[in-house]
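Chemist: need a structure here:
(2 chains)
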Amino acid sequence: MIAGADDIWVYLSQAPLFWLTATLVAYGAGHWCYERSGGNPIVNPVAIAAALLIGLLTATGTPYAVYFDGAQFVHFMLGPATVALAVPLFRHLPRVKATLLPMLAALVAGAATAVGVALVVAGLMGASRETLLSLAPKSVTTPIAMGVAESIGGLPSLTASLVVATGIIGAILVTPLFNGVGLKDWRARGFAVGVAAHGLGAARAFQVNQIAGVFAAIAMGLNGLVTALVAPLIVHFLPG
Amino acid sequence: MLKALTLLLVCQLLGETAARALGAPIPGPVLGMALLLAALLLRYRGRADAAPDWLGGTADGLLKHLSLLFVPASVGVVQHLDRLSNEGAAIGLALLLSTLAALAVGAATFSAVARLTDRPAVGPERKDGPTPPPGDGA
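Modeler: The predicted structure follows:
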């Protein structure tokens, strides 16, 4: 007896296999577009994959929780990948040690700018207080950002989305911006994108240059710490 | 590959455990990264090229596809489409301008301080440092 298409879909859409495969295929499609564009940073593979998958979820009426049941296997690998950052860091440690002061200065300036400008712009445009609080930690890596959002009264799941959006924006902007102003120091380029756009910025940096990737990874780690400590203080000064 | 993945997971596990035990505001994987770096430094002190191939290969492979790993979280935006349609302009402009400003301020600060602290005598580092000598033609 042959099952109907509906039955097969009911089975597949509930099994992790389908959404796991869909995630990889969607990213593959995004990456294919990126390569076909000649490496144009505006053609961001993550944004394309997310758009395709959101379209599929909406079209099939699948809740995000069901999708994530399958996709969590990909999501899980973020942990080991973060640990793996120790390897390029180890390879380039002498260079890193020589730049402690520039890193600390750029860290404080970049982190404060990211939080401050986001709150001022959104505040002026009339965003709700809940949105502002969710926006404050958006430049740091997801687990820290969600923790900070929760502790200052934002919505952690909204923050997670804003974190990813920030990362995509940073990954798109970084190369044209720094090529445009003629900045050739890979350390400065990498560190800035790590402060402004966390792991997605670092992922982009690793695609472009190893040194930039290493500095982006360090910046991401340090900014997590700084924002966790500073965001509650800045938010304290929000009106209302 | 299996050996490397095991090592990465062990470091992550130790990092998660330490983060919980200390109540630190740092995610476990970040502590795990610090732990692995410390282990590499102890084992291969000073020799930056000494990271073993079995570990280096797996680490490079994972990091090459780092952005894939953000896809599941990025789909999570689907849960907030209502708020985004109401406050989308404010949120979008805030994200765009703050990211642009943070990139510019971060890089400018780094370059300015590096210009003060970079020594011409850094030696082998110099040739791909930030300030190539005039006439380098790069």
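Chemist: closest residue of chain B to chain A?
Modeler: In chain B, the residue that lies nearest chain A is B:Gly106 (3.1 Å; CB to the nearest CB). Just so you know, the C-beta spots here come from the backbone N, C-alpha and C atoms, and that holds for glycine as well.
Chemist: what's the pLDDT at that residue?
Modeler: B:Gly106 carries a pLDDT value of 97.
Chemist: off-centre distance for the helix or strand encompassing A:Val74?
Modeler: Using DSSP states H and E, A:Val74 falls within helix A:64-76. In terms of CA atoms, centre = their mean, to the nearest Å, the centre of helix A:64-76 is found 17 Å from the chain centre.
Chemist: is chain B contacted by the helix or strand following it?
Modeler: Following helix A:64-76 in sequence order, the next helix or strand is helix A:78-84 (DSSP H and E). Yes. Applying CB under 8 Å from any CB of the partner chain, one finds helix A:78-84 in contact with chain B at A:78-84.
Chemist: contacts made by helix A:78-84 with the rest, please.
Modeler: Under the contact criterion CB atoms under 8 Å, 6 or more residues apart in numbering or on different chains, helix A:78-84 has outside partners A:141, A:199, B:5, B:8-9, B:11-12, B:15, B:27-30, B:32-33, B:35-36, B:58-59, B:62-63, B:66, B:69-70.
Chemist: distance from that helix to the middle of the chain?
Modeler: Relative to its chain's centre, helix A:78-84 lies at 14 Å (CA atoms, centre = their mean).
Chemist: can I get it in CSV, CA atoms only?
Modeler: Taking Å, rounded to 0.1, in the frame of the first residue of the first chain, the C-alpha atoms of helix A:78-84 are listed here in CSV:
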residue,chain,number,x,y,z
LEU,A,78,28.2,26.5,17.6
GLY,A,79,29.6,25.3,21.0
PRO,A,80,32.5,23.2,19.7
ALA,A,81,33.1,25.8,16.9
THR,A,82,33.6,28.4,19.6
VAL,A,83,36.0,26.2,21.5
ALA,A,84,37.8,25.6,18.2
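Chemist: now it: mean pLDDT?
Modeler: Helix A:78-84 comes out at a mean pLDDT of 90.
Chemist: one more: stretch A:225-233?
Modeler: Average pLDDT, stretch A:225-233: 79.
Chemist: quick check: buried residues in it?
Modeler: A:225-228, A:230-231 (16 or more other CB atoms under 10 Å in any protein chain shown).
Chemist: so where is chain A shaky, pLDDT-wise?
Modeler: Across chain A, the ranges flagged by pLDDT under 70 are A:1-2, A:239-240.
Chemist: please enumerate the helices of it.
Modeler: A:5-14, A:16-36, A:45-60, A:64-76, A:78-84, A:86-91, A:93-97, A:100-124, A:129-135, A:142-152, A:156-180, A:186-208, A:210-236 (DSSP state H).
Chemist: can you tell me which of the ones you listed is packed in deepest?
Modeler: helix A:186-208 (a mean of 30; mean count of other CB atoms under 10 Å in any protein chain shown).
Chemist: output that helix as CSV, restricted to C-alpha atoms.
Modeler: Coordinates of each C-alpha in helix A:186-208 appear next as CSV, following Å, rounded to 0.1, in the frame of the first residue of the first chain:
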residue,chain,number,x,y,z
TRP,A,186,43.6,43.3,9.1
ARG,A,187,43.9,43.4,12.9
ALA,A,188,41.8,46.6,13.1
ARG,A,189,39.3,45.4,10.5
GLY,A,190,38.8,42.1,12.3
PHE,A,191,38.7,43.5,15.7
ALA,A,192,36.1,46.1,14.7
VAL,A,193,33.8,43.6,13.1
GLY,A,194,34.1,41.2,16.1
VAL,A,195,33.1,44.0,18.5
ALA,A,196,30.2,45.2,16.2
ALA,A,197,28.9,41.9,14.9
HIS,A,198,30.1,39.0,17.1
GLY,A,199,30.4,35.5,15.7
LEU,A,200,28.8,36.3,12.3
GLY,A,201,31.3,39.1,11.9
ALA,A,202,34.1,36.7,12.9
ALA,A,203,32.7,34.1,10.4
ARG,A,204,32.9,36.7,7.6
ALA,A,205,36.4,37.8,8.8
PHE,A,206,37.7,34.2,8.6
GLN,A,207,36.4,34.0,5.0
VAL,A,208,38.5,37.1,4.1
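Chemist: hmm, it touching chain B?
Modeler: Yes. Helix A:186-208 lies within reach of chain B by CB under 8 Å from any CB, at A:187-189, A:191-193, A:195-197, A:199-200, A:202-204, A:206-207.
Chemist: tally of neighbours for the residue nearest to B:Glu16 when sequence neighbours are not counted?
Modeler: For B:Glu16, ignoring the flanking residues on the chain, the nearest one in space by CB to CB, 6 or more residues apart in numbering or on different chains is B:Gly28 at 3.1 Å. Using other CB atoms under 10 Å in any protein chain shown, B:Gly28 has 23 other residues around it.
Chemist: what pLDDT does B:Gly28 get?
Modeler: B:Gly28 is assigned 84 on the pLDDT scale.
Chemist: equivalent analysis for the one 4 residues further on, please.
Modeler: pLDDT recorded at B:Gly32 is 91.
Chemist: the helix or strand harbouring it: what's the following helix or strand?
Modeler: Assigned by DSSP H and E, B:Gly32 belongs to helix B:28-43. Later in the chain than helix B:28-43, the nearest helix or strand by DSSP H and E is helix B:53-64.
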